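Visitor: Output the structure for:
(2 chains)
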Amino acid sequence: MTENRNAGPEVSAGGPRQVQGVRTRLATAADVPSLATLLVRLKRLNAEFDPLLAVRPDAEEQAVRVLEADLKNPRSVVLTAESVEEGNPRIVGVVRATVRERPFYVPEMEGVILDIYLLPAHRRGGVGEFLLAEATRHLKEKGAGLVTAEFPSLNEIATRFYAKRGFRPITSLHARRI
Amino acid sequence: MGVRGEMEFVIFVADAARPRSPSEPPSRVRKGTAGIEPTAEEETAEISQRAVTLARHFAGKIEVIPRVPIRGLSDFAYWYTPGIAEVARRIERDPEEAFSLTGRWNTIAIVTDGSRVLGLGEIGPRAALPVMEGKALLFKYLGGVDAVPLPLEVASAAELVETVRRLEPAFGGINLEDIASPKCFEVLETLSRGLGIPVWHDDQLGTAAATVAGLINALRLTGREISRARIVLLGAGAANIATARLLGHLGADLKGMKVVDQRGLLHADREDMDELMIHNRWKYELALATNEERRSGSLAEALKGADVLLAASRPDPHTVHPAWVQSMAPRPIVFALANPTPEIWPQEARRAGAAIVATGRSDFPNQVNNSLIFPMVFRGVLDARASSIPDDLVLTAARELARGAEREGLTPEHILPTMGETEVFPEMAAAVASAAVRLGIARVRRTHEEFLESARSRMARPRRLAEMLARSGLLPEMPPGAESPRGGLRGQ
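Guide: Residues are numbered from 1 along each chain as shown, chains lettered A, B, ... in the order given. The predicted model follows:
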């Protein structure tokens, strides 16, 4: 069951509809090329933190493929962040999240924020926090009882961002080449 | 080691008789290989060879000499034990006394890690030493400031910062020099917070202040308001990052400003913005603050209709094409500050319609030279014992330098005082000192006239010292064949 809302502004229950001229909505197929570009930018940013996150040369194609799959997946949440500051809406950010079942733990349903990215000009005045809040809302609607965020361990900007919003480490992923 | 109050650093100046202004003809016509005037390359090669010969001959450009009389060994009871113990006790009780009881008030460190020296790149601290010695000579000769060259073997910005912090008890101020960007921004910012003595990075602030001083006058001469001038910066290194910030304080339109680096126009959506956020947040912030329209493109596009070009990038005379100058607004202002070769030859820029052209070279009019700024700023902050050098002080120096050009008349070929217009320099120092008092960061508070008087005598003294030493017979003789070259101070 795919939610196929059209590209209009969401009415949040009690929350702001836009922050600093940026609003969010569920992504549609038409958004995919722009969102793919933003996703690749995020992956390249991750690569700055860790050589084990070096980006594949086919990252653009992969991003398109992954997003198209997400749009068909009922457990996925993909949000488009749009700026309406300059008249015509301009896509300036993306959130990719999914709901996973935890087979052994409670709460059973985990809302995972896989990717969250905003263009530099819009990383201010609470826009990032707004995106996080919107993603969390959607994940909760899909039954998530906790929200988790994945990002490179060496990304201290992200660590601080989430810590300020009450997140703390719960599991740790360690790696080496073989 | 001896107590610093009894020592000072003395300069040995080749041709000590008088400073030459850059417009003076050479003392004899030197023939180049074609039998006529030597080319710029031949001259530079000749000067380079002589510099090595002279360096070997003199084995050091500065040395410590006594600043107190030594009538006999018994005087050391005052200069050393047992008398000096009481001096030490006074400072222990009140650390500020160090500035009154020793030479610390007038002594700075010239600190480098050798990571970006002149046009040589990362030559390291040992190779940077002669350059730092030369800077010390300039500080003394132009500013009456005693400077200690301190090249450091450090592996990171953090190590550099820590080393300088640990040196604070010995100095009245710190001059950072030839440190690569973006490391230099981190170092200057960190040290400027809470060290208690003034810190300066000449490649950032000296260049920016001299540039801004020239621009103030160039805008005036061409009837432009700074808030409406369309400004393009070529290069986003130490100099232009600081220049952009100072221009912002002066009311320049940052949102309309365009900054061009090697990849083209900086803008908030550029591909490398995240890389910049991690590795060079100053350039990142500049990209966010400027080019509001987020236009991408090359220097050529950026220059269309622009009023001002401030180029502080690589030395290459083909960097800025005359056609692009032609596409600028009528009567444009072009500063081509790369050393030793400007981004466009001034004659070409003039032919292409530039109303006012400045370079970093002393053999063209309008030399934008850090030496017009740093000795005067330090004279001022040391005399006022300022605890830091906020941008307000930097701008005070720039404004006073700009004003100084009016003494001999503001013209398109004279937007800045030349190095020979020495009456301007104590006025700059006094203006900086008085501004420090006004800002509440001066621990020595005097009237403007008192600052001016002491700046004048402190800045005149080194020239008299040099003359006296030259006559004393105590300096090694200049080896034969070393006339004063034509070039002189080719900017920092």
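Visitor: Is it correct that B:Asp75 falls within a strand?
Guide: No: B:Asp75 sits outside any strand when classified using DSSP: H, G, I helix; E, B strand; the rest coil, being helix.
Visitor: And A:Arg25, its phi and psi?
Guide: Per-residue torsions, A:Arg25: phi -150, psi 160 (degrees, to the nearest 10).
Visitor: A:Val78 is in contact with that one, correct?
Guide: No: A:Arg25 lies out of contact with A:Val78 (C-beta atoms under 8 Å); the separation is 10.1 Å. Placement of C-beta: from N, CA and C, glycine included.
Visitor: neighbour count winner among those two?
Guide: Taking other C-beta atoms under 10 Å in any protein chain shown, A:Arg25 and A:Val78 do not tie; A:Val78 has more neighbours (25 against 18).
Visitor: Which strand or helix spans that one?
Guide: Assigned by DSSP states H and E, A:Val78 belongs to strand A:76-83.
Visitor: need the strands for chain B, in chain order.
Guide: Assigned by DSSP state E, chain B shows strands spanning B:7-11, B:62-66, B:107-112, B:146-151, B:173-176, B:199-201, B:231-234, B:258-261, B:264-265, B:308-311, B:333-336, B:356-359.
Visitor: Any chance of these in a markdown table with mean neighbour count, mean pLDDT and distance to chain A as columns?
Guide: Shown next, in a markdown table, are those (neighbours: other C-beta atoms under 10 Å in any protein chain shown; pLDDT from 0 to 100; distance: least, C-beta to the nearest C-beta, whole Å):
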| stretch | mean neighbour count | mean pLDDT | distance to chain A |
| --- | --- | --- | --- |
| strand B:7-11 | 21 | 56 | 44 |
| strand B:62-66 | 15 | 94 | 44 |
| strand B:107-112 | 25 | 98 | 28 |
| strand B:146-151 | 24 | 98 | 31 |
| strand B:173-176 | 26 | 98 | 27 |
| strand B:199-201 | 26 | 98 | 26 |
| strand B:231-234 | 26 | 98 | 19 |
| strand B:258-261 | 24 | 98 | 15 |
| strand B:264-265 | 19 | 98 | 15 |
| strand B:308-311 | 27 | 98 | 24 |
| strand B:333-336 | 30 | 98 | 29 |
| strand B:356-359 | 28 | 98 | 33 |
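Visitor: Next up, the contacts around the closest residue to B:Glu348 other than its chain neighbours.
Guide: Closest residue in space to B:Glu348, ignoring its immediate chain neighbours: B:Pro322 at 5.0 Å, by C-beta to C-beta, 6 or more residues apart in numbering or on different chains. Neighbouring residues of B:Pro322 by C-beta atoms under 8 Å, 6 or more residues apart in numbering or on different chains: B:Ile344, B:Glu348, B:Ala349, B:Arg351, B:Ala352.
Visitor: So which residues on chain B come close to chain A?
Guide: Residues of chain B found near chain A (C-beta under 8 Å from any C-beta of the partner chain) are B:268-269, B:271, B:273-275, B:277-279, B:284, B:287-288, B:294.
Visitor: Filter those down to the buried ones, ChimeraX style.
Guide: In ChimeraX, a selection of the buried entries from the residues of chain B next to chain A looks like this (16 or more other C-beta atoms under 10 Å in any protein chain shown):
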select /B:268,273,274,275,277,284,287,288,294
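Visitor: Adding distance to B:Leu310 and pLDDT, write the residues of chain B next to chain A out as CSV.
Guide: Formatted as CSV, the residues of chain B next to chain A follow (distance: C-beta to C-beta, whole Å; pLDDT from 0 to 100):
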residue, distance to B:Leu310, pLDDT
B:Ala268, 21, 97
B:Asp269, 24, 96
B:Glu271, 25, 95
B:Met273, 23, 98
B:Asp274, 27, 97
B:Glu275, 25, 96
B:Met277, 25, 96
B:Ile278, 27, 94
B:His279, 24, 95
B:Tyr284, 20, 98
B:Ala287, 17, 98
B:Leu288, 19, 98
B:Arg294, 21, 95
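Visitor: Contacts only, for the residue of the stretch 301-450 of chain B found nearest chain A.
Guide: The stretch 301-450 of chain B approaches chain A most closely through B:Ala302 (18.9 Å), counting by C-beta to the nearest C-beta. Listed by C-beta under 8 Å, 6+ apart, the contact set of B:Ala302 reads B:Val232, B:Lys258, B:Val260, B:Leu265, B:Arg295.
Visitor: partners of the second one in the sheet?
Guide: Taking DSSP bridges, one obtains B:Val232 as the residues bridged to B:Lys258.
Visitor: what angle sits between the longest strand anywhere in chain A and strand A:76-83?
Guide: Ranked by residue count and defined by DSSP E, the top strand of chain A is strand A:90-101. Relative orientation of strand A:90-101 and strand A:76-83, computed by axes from the mean of the first three to the mean of the last three C-alpha atoms, to 10 degrees: 160 degrees.
Visitor: what helices or strands is strand A:90-101 leaning on?
Guide: Contact here means 3 or more C-beta pairs under 8 Å, 6 or more residues apart in numbering or on different chains; DSSP states H and E; on that basis strand A:90-101 packs against strand A:22-26, helix A:32-49, helix A:59-72, strand A:76-83, strand A:109-118, helix A:127-141.
Visitor: thinking again about what came up before, what's the angle from the strand holding A:Val78 to helix A:59-72?
Guide: Counting by the same axes, to 10 degrees, strand A:76-83 lies at 110 degrees to helix A:59-72.
Visitor: okay, the residue nearest the centre of chain A: pLDDT?
Guide: Central residue of chain A (C-alpha atoms, centre = their mean): A:Val95, 2.2 Å from the mean position. On pLDDT, A:Val95 comes in at 98.
Visitor: wouldn't it be in contact with A:Leu67 here?
Guide: No: A:Val95 lies out of contact with A:Leu67 (C-beta under 8 Å); the separation is 11.6 Å.
Visitor: ok, back up a step: pull the most distant pair out of the contacts of B:Pro322.
Guide: Across the contacts of B:Pro322, the longest distance by C-beta to C-beta is 10.2 Å; it joins B:Ile344 and B:Arg351.
Visitor: For the two, indicate the residue with more neighbours.
Guide: Legend: neighbour count by other C-beta under 10 Å for B:Ile344 and B:Arg351, higher for B:Ile344 (27 against 12).
Visitor: if I pick the residue nearest to the more buried one when sequence neighbours are not counted, what's in contact with it?
Guide: Distances taken as C-beta to C-beta, 6+ apart place B:Val320 nearest to B:Ile344, at 4.0 Å, with adjacent residues excluded. When contacts are counted by C-beta under 8 Å, 6+ apart, B:Val320 touches B:Leu234, B:Leu299, B:Leu303, B:Leu309, B:Ala311, B:Val334, B:Ala336, B:Glu343, B:Ile344, B:Ala349.
Visitor: List the residue ranges of chain A that fall below the pLDDT cut-off.
Guide: Chain A contains residues with pLDDT under 70 at A:1-16.
Visitor: and it, which residues reach chain B?
Guide: By the rule C-beta under 8 Å from any C-beta, the part of chain A lying against chain B is A:Arg41, A:Arg44, A:Leu45, A:Glu48, A:Phe49, A:Leu119, A:Pro120, A:Ala121.
Visitor: Run through the residues that contact the residue lying closest to A:Leu173 once chain neighbours are set aside.
Guide: Distances taken as C-beta to C-beta, 6+ apart put A:Ser153 closest to A:Leu173, at 7.5 Å, once the chain neighbours are dropped. Going by C-beta under 8 Å, 6+ apart, A:Ser153 touches A:Asp50, A:Ser172, A:Leu173.
Visitor: Of these - the most surrounded one?
Guide: Neighbour count (other C-beta under 10 Å) singles out A:Asp50 as the most crowded of the contacts of A:Ser153, with 13 neighbours.
Visitor: doesn't A:Arg176 make contact with it?
Guide: No: A:Asp50 lies out of contact with A:Arg176 (C-beta under 8 Å); the separation is 11.9 Å.
Visitor: Please report how far A:Arg41 lies from A:Pro152.
Guide: When distance is defined by C-beta to C-beta, to the nearest Å, A:Arg41 is 14 Å away from A:Pro152.
Visitor: Over to B:Arg116?
Guide: 30 Å.
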